[in-house]
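Colleague: Below is the structure, and that's it, no one-letter string:
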Ligand SMILES: [Zn+2]
């Protein structure tokens with residue numbers, strides 16, 4: 001199928017200035033041409049009129065949890081949980097996200113179901129269950145249960161949030177098992193978490209030796225490790241072990257930001273989840289005692305974002321949205337635009353995230369040869385980034401050269 005998207009202003013994801021009245025030609029699953037002004041001889045195929053709209057690359061969320069649809073004791077039937085996960089895939093696509101990195105929860109099979117066209121959703125890079133230490137973030141075993149008790153660890157083959165493992169040998173085994181189940185990269189916890197019952201945000205988790213085992217297993221498969229990390233103690237351990245990417249980065253300091261930049265490590269801040277946590281916690285099934293743990297996090301994260309930017313860290317974009325109905329994914333871009341520069345917020349959620357996912361040669365920018373993932377939004381995202389938080393303003397979504405949403 002060949003299309004030409006005619007007349008839109010193009011914000012191509014690279015950070016270059018918007019280009020008015022463009023023609024973008026899609027051929028099969030690739031972008032065949034990007035032309036300024038009215039189409040010349042090379043433009044061909046069916047015309048999709050996007051005059052008055054803004055064209056962007058398909059958005060990328062580097063921090064999703066499609067499979068974390070409830071916390072604590074979930075008595076929902078497996079079919080209901082499956083339906084909720086599939087619904088979250090669909091909602092992400094409707095919000096303009098054509099690629100996501102799931103950083104804990106869904107099985108590789110969910111990514112495969114999308115790839116086979118059985119369910120609507122973005123291209124998913126799953127991390128499988130999060131490797132975590134006993135008693136650390138991700139270990140949701142009930143009190144008095146023995147270590148590595150299987151309770152609370154999800155539904156086999158569908159979703160499993162955490163995978164407790166201790167010592168380099170167990171981490172190695174867990175890493176291999178997670179990769180066997182379809183993970184495309186590994187996720188570990190190097191610090192305590194907010195939605196956590198038996199640790200503190202200040203805790204460092206996993207030893208450098210344990211983290212090195214995960215990094216070695218990832219590296220053996222030409223992939224990488226990303227780490228849940230709120231504090232600098234955990235980030236320092238991660239850097240010492242060769243962890244490539246850090247999620248949240250809530251309590252950074254100048255020297256650690258500098259060390260991240262020197263190591264070429266990435267940061268993925270996650271503001272959206274923080275902003276709407278209090279309002280949604282009940283619906284997500286988060287117990288009341290967890291809510292106060294979120295106090296002060298947004299301000300700290302904003303300060304860390306500034307430190308990382310000043311140090312020259314490459315900064316991606318992740319929503320960390322949880323729960324049964326994940327419809328606020330684009331809020332992350334709106335908040336980042338509010339905190340800094342709207343163009344920077346867009347580039348973080350497109351070209352930079354593509355680089356973090358090691359897919360910069362394939363996605364993230366609207367240019368010839370890249371995958372035909374393109375969206376059109378109603379409005380100017382550089383002056384009104386709030387539109388990303390309203391899926392009804394994402395009027396056209398094209399993934400792999402196929403129109404998957406069209407509200408024009
Ligand atoms: Zn998360």
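Modeller: Sure, I can see it. Quick caveat: nothing in here was measured; it's all calculated off a predicted structure.

Colleague: so where do the strands sit in the stretch 301-408 of the chain?
Modeller: With DSSP state E, counting those that start in this stretch as the criterion, the stretch 301-408 of the chain has strands at 314-315, 374-377, 394-399, 402-406.

Colleague: from those, which stretch is densest packed?
Modeller: Mean neighbour count (mean count of other CB atoms under 10 Å) peaks for strand 374-377 among those, with a mean of 27. No exception for glycine: its C-beta is placed from N, CA and C like everyone else's.

Colleague: still on that earlier bit, can I get the strands of the stretch 301-408 of the chain in a markdown table with mean pLDDT and distance to residue 62?
Modeller: Shown next, in a markdown table, are those (pLDDT from 0 to 100; distance: least, CB to CB, whole Å):
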| stretch | mean pLDDT | distance to residue 62 |
| --- | --- | --- |
| strand 314-315 | 98 | 10 |
| strand 374-377 | 98 | 17 |
| strand 394-399 | 98 | 17 |
| strand 402-406 | 97 | 21 |
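
Colleague: Those strands into TSV, with extra columns for distance to residue 339?
Modeller: TSV is the format used below for the strands of the stretch 301-408 of the chain (distance: least, CB to CB, whole Å):
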stretch	distance to residue 339
strand 314-315	11
strand 374-377	20
strand 394-399	22
strand 402-406	28
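
Colleague: And the ones you listed: which comes nearest residue 280?
Modeller: strand 394-399 (20.9 Å; CB to CB).

Colleague: Note down every partner strand of the closest one and its orientation.
Modeller: Sheet pairing for strand 394-399, assigned by DSSP bridges, gives strand 374-377 (antiparallel), strand 402-406 (antiparallel).

Colleague: could you point out the longest helix in this structure?
Modeller: For the chain, the longest helix by residue count, based on DSSP state H, is helix 78-94.

Colleague: Determine the next helix or strand in the C-terminal direction from that helix.
Modeller: Next helix or strand after helix 78-94 toward the C-terminus (DSSP states H and E): strand 97-102.

Colleague: Can you pull out the low-pLDDT segments for the protein?
Modeller: 38-43, 72-74, 150-153 (pLDDT under 70).

Colleague: Show me how it divides into domains.
Modeller: Domain assignment for the chain by automatic domain parsing gives 2-57+365-406, 59-329.

Colleague: Endpoint to endpoint, the longest one covers what distance?
Modeller: Between the start and the finish of domain 59-329 there is a gap of 10 Å, counting by CA to CA, to the nearest Å.

Colleague: From residue 164, how far off is the closest residue in space to residue 402 that isn't next to it in sequence?
Modeller: Nearest residue to residue 402 in three dimensions, chain neighbours excluded: residue 1, at 7.4 Å (CB to CB, 6 or more residues apart in numbering). In this view, residue 1 and residue 164 are 47 Å apart by CB to CB, to the nearest Å.

Colleague: Next: residue 211.
Modeller: Residue 211 sits 15 Å away from residue 164, going by CB to CB.

Colleague: ditto for residue 251
Modeller: As judged by CB to CB, residue 251 and residue 164 stand 24 Å apart.

Colleague: Tell me which stretches of the stretch 101-250 of the chain form strands.
Modeller: Per DSSP E, counting those that start in this stretch, the stretch 101-250 of the chain carries strands over the ranges 105-106, 123-126, 130-132, 159-160, 162-164, 186-189, 225-231, 245-251.

Colleague: next one: the last one to chain centre, how far?
Modeller: The reference is to strand 245-251. Put simply, strand 245-251 sits 13 Å off its chain's centre (CA atoms, centre = their mean, to the nearest Å).

Colleague: Which strands and helices lie in contact with the following helix or strand past that strand?
Modeller: Counting by DSSP H and E, the next helix or strand C-terminal to strand 245-251 is helix 254-263. Contacts defined by 3 or more CB pairs under 8 Å, 6 or more residues apart in numbering; DSSP states H and E place helix 254-263 against helix 232-241, helix 297-311.

Colleague: Tell me which other helices or strands the first one touches.
Modeller: Counting contacts by 3+ CB pairs under 8 Å, 6+ apart, helix 232-241 is packed against helix 208-220, strand 225-231, strand 245-251, helix 254-263.

Colleague: how about the ones you listed, which one is nearest residue 395?
Modeller: Nearest of the helices and strands packed on helix 232-241 (CB to CB): strand 245-251, 31.0 Å.

Colleague: who does the closest one touch, helix- and strand-wise?
Modeller: On a contact count with 3+ CB pairs under 8 Å, 6+ apart, strand 245-251 meets strand 225-231, helix 232-241, strand 266-268, helix 297-311.

Colleague: Done for today, thanks.
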